[in-house]
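J.: predicted coordinates and the sequence they were generated for:
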Amino acid sequence: QVQLVESGGGLVQAGGSLRLSCAASGRTLSTYAMGWFRQAPGKERELVAAISWSGSSTYYADYVKGRFTISRGNAKNTVYLQMNSLKPEDTASYSCAAASTIVVFTTAVSRADYWGQGTQVTVSS
């Protein structure tokens, strides 16, 4: 059984930074694309960023470009989301997911293979 566990969320002031981590256990996810999603209360889940299994390709939602960076650990079983210049509108529960390719995250998210439980990020103004 694969488990994805997120960590690193918390409360931060606007303009601050947080680094989220997503660690996989149960099997290696080195051949999976990984993605970060977020969902705020009353809003739909949205894709924030994604990275290919090799790390050579990335995707960012327009509203985080230049502020967030997704990366993979050396063993590729951990994925990070460095979030800088945080805004109150970034407040949400952030979850990681694994899928066969980045395209799954952008076109058929229901086909993602594994999901984490999420970590809360709250940005105060």
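T.: Nice, thanks for sending it over.

J.: residues in contact with residue 38?
T.: 45-46, 48, 90, 92-95, 121 (Cβ atoms under 8 Å, 6 or more residues apart in numbering). Quick note: C-beta positions are derived from backbone N, CA and C, even for glycine.

J.: can you tell me the closest non-neighbouring residue to it?
T.: In space, and not counting its chain neighbours, residue 38 is closest to residue 92: 3.8 Å by Cβ to Cβ, 6 or more residues apart in numbering.

J.: can you give me phi and psi for the residue positioned nearest the centre of the chain?
T.: With distances taken as Cα atoms, centre = their mean, the residue of the chain nearest its centroid is residue 36 (1.9 Å). Note on residue 36: its backbone torsions stand at phi -110, psi 130 [degrees, to the nearest 10].

J.: okay, and the beta partners of it?
T.: residue 49, residue 96 (DSSP bridges).

J.: ok, it touching residue 81?
T.: Yes: assessed by Cβ atoms under 8 Å, residue 36 is found in contact with residue 81 at 4.8 Å.

J.: common neighbours of the two, please.
T.: Jointly contacting residue 36 and residue 81 under the rule Cβ under 8 Å, 6+ apart are 20, 22, 48-49, 70, 94.

J.: top of the residues you listed by neighbour count?
T.: residue 22 (28 neighbours; other Cβ atoms under 10 Å).

J.: grab the nearest non-local neighbour of that one.
T.: Nearest to residue 22 is residue 96, by Cβ to Cβ, 6+ apart, at 3.4 Å.

J.: does the residue nearest to residue 38 touch residue 42 like I think?
T.: No: using Cβ under 8 Å, residue 92 is not in contact with residue 42, being 10.8 Å away.

J.: quick one: which of those two has more around it?
T.: Between residue 92 and residue 42, counting by other Cβ under 10 Å, residue 92 is the more crowded of the two (21 against 5).
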